[in-house]
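> kindly return the folded structure for what I paste below:
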Amino acid sequence: MAERDLQILDEFGLRRRRFLLAIAGGFVGTLFGSLSPGRAWGRSRMQTLTLGRLLMGTAVEIEANHPDLSIAREAIETGLQRMVDVDRLMSIFRSDSEIGLVNRLAATLPVSVGEETFGVLTEAKDIALMSGGALDVTIHPLMQLWRRATQRGRLPSSREIEAALGLVAHSGLSVDPNNRSVQLQQPGMGIDLGGIAKGYAVDVAAEALAKQGVHSGLVNAGGDLRVVGRNRDGGIWRIGLRHPLAPSRLLLSVLAEDEAAATSGNYFRYFTVGGMRYGHLLHPRTGTPADSALSATIIAKSAMRADGLATAAMIHGAGAMAFIQRVSGVEGIVVNPLARHPGKVSVQITPGLRGRVELLDRSAELER
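Now for the predicted structure:
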């Protein structure tokens, strides 16, 4: 299989690195595209168009395979615009977003939100319940604490963490389907959809491709990915997962068709204090980084569900695989450090992935 068909699933990749460098060279805010000659598929000649943009704090790439490149371009641009719309609704960094409004007002009165934001919050509540609170979108006060403290070159104190934890509780988030409104239990609480909204954005972009008549393509947003149909050659997509301890190498590949995959890990995003790295995924019960597992990948029909469950699995740490196997309709991969072997890892997979996963790093061990 050609190298270009091995789509990298993580928060950083060589193709995205080239993309970021191209944007840094003077094309900020513009589309970056590359054309690839198509190959025969059925009776028509398939062509490939890939466009990218910096969105939601990461580099997004959308690939569309279609005999007509004008249709492919329109579909991708529609998909990218849908992702922009999601960011405008759900970003905590925009004062005019619906989540920004919720964080300002929902502790004093119910706040009505649009259908999309309400749908993501409802899914987040569902995953919070099935994961025992491992995914908790009310973690905003804790995230803010860690950002402020580490920007000042220090770690949060135990007293500060304890105070922030008093404002973190998924049970304190109420969603009313009758009025499509949201309310928070007490002042100081806030919502951060960083563990699930990007997956939703990937879903709406993938759905935009299909609505525009593109039935072969993918959306890749820094760790969240969804494939549409089969690849341009008519084969099953092959997704690559980077080695969490050696990002220049691929750890494994997994076959996927008309489904989504999301990887959560602490190896590319972290807080740094005194030269030490602390993972950005915070445990909603302890208030400290969840560092037991190196990465967790979920494969599901929905990128939103895969995103939320991957975050929850990382919070479960040593119990990540047991948690994944309790969830119906999904498959998972958990990568852990290999005891007494620095630099090496063990890989756990759910039974449904047997025959779909290929280890590419000979030093890794696949647990049976």
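
> and the biggest helix by length in the chain, how far from the chain's centre?
What stands out as the longest helix in the chain, according to DSSP state H, is helix 69-90. Taking Cα atoms, centre = their mean, to the nearest Å, the mean C-alpha location of helix 69-90 is offset from the chain mean by 17 Å.

> so what secondary structure elements neighbour that helix?
Applying 3 or more Cβ pairs under 8 Å, 6 or more residues apart in numbering; DSSP states H and E, one finds that helix 69-90 makes contact with strand 47-55, strand 58-66, helix 98-105, helix 115-130, helix 197-211, strand 217-221. Just so you know, the C-beta spots here come from the backbone N, C-alpha and C atoms, and that holds for glycine as well.

> what's the closest of these to Gln151?
helix 98-105 (19.5 Å; Cβ to Cβ).

> helix or strand next in line after the closest one, which one?
Counting by DSSP states H and E, the next helix or strand C-terminal to helix 98-105 is strand 111-112.

> worst-scoring helix or strand of the chain, pLDDT-wise?
helix 14-24 (a mean of 37; mean pLDDT, DSSP states H and E).

> quickly list the domain ranges of this structure.
3-89+196-366, 98-184 (automatic domain parsing).

> Gly190 is nearest to which of those domains?
Nearest of these to Gly190, taken as Cβ to Cβ: domain 98-184 at 3.4 Å.

> what's the span of the closest one from first residue to last?
14 Å (Cα to Cα, to the nearest Å).

> from the chain's centre, how far out does that domain sit?
18 Å.

> Pro244: neighbour count?
Residues near Pro244, counting by other Cβ atoms under 10 Å, number 20.

> correct me, but it touches Gly265?
Yes - using Cβ atoms under 8 Å, Pro244 is in contact with Gly265, at 5.7 Å.

> which residues do these two both contact?
Residues touching both Pro244 and Gly265 (Cβ atoms under 8 Å, 6 or more residues apart in numbering) are 294-295, 335.

> now Gly332, nearest residue through space, not along the chain?
Ile324 (3.7 Å; Cβ to Cβ, 6 or more residues apart in numbering).

> how much space between the one you found and Gly133?
16 Å (Cβ to Cβ, to the nearest Å).

> next one: Gly329
From Gly329 across to Gly133, the span is 21 Å (Cβ to Cβ).

> more neighbours: the two, which one.
A side-by-side neighbour count of Gly329 and Gly133, using other Cβ under 10 Å, places Gly133 first with 19 against 9.

> what number of residues lie near the residue nearest to that one when sequence neighbours are not counted?
Of all residues not flanking Gly133 in the chain, His170 sits nearest, at 5.5 Å (Cβ to Cβ, 6+ apart). By the measure other Cβ under 10 Å, the count of residues near His170 is 20.

> the one 10 residues further on too?
Each residue near Arg180 was counted by other Cβ under 10 Å, and the total is 18.

> switch to numbering from 8
New numbering, starting at 8: the last item is Arg187.

> with distance to Gly197 added, can I get the domains of the chain in JSON lines?
Shown next, in JSON lines, are these (distance: least, Cβ to Cβ, whole Å):
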{"stretch": "domain 10-96+203-373", "distance to Gly197": "13"}
{"stretch": "domain 105-191", "distance to Gly197": "3"}
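
> most packed of those?
Highest mean neighbour count among the domains of the chain (mean count of other Cβ atoms under 10 Å): domain 10-96+203-373, with a mean of 19.

> how far is that one from where the chain is centred?
The answer for domain 10-96+203-373 is 7 Å, by Cα atoms, centre = their mean.

> same check, this time on stretch 202-216
10 Å.

> mean confidence score for it?
For stretch 202-216, mean pLDDT rounds to 97.

> next: stretch 306-320.
97.

> now do Val175, the pLDDT please.
97.

> ok, it - contacts?
Here Val175 is in contact with 143, 145-146, 148-149, 196, 291, 294 (criterion: Cβ under 8 Å, 6+ apart).
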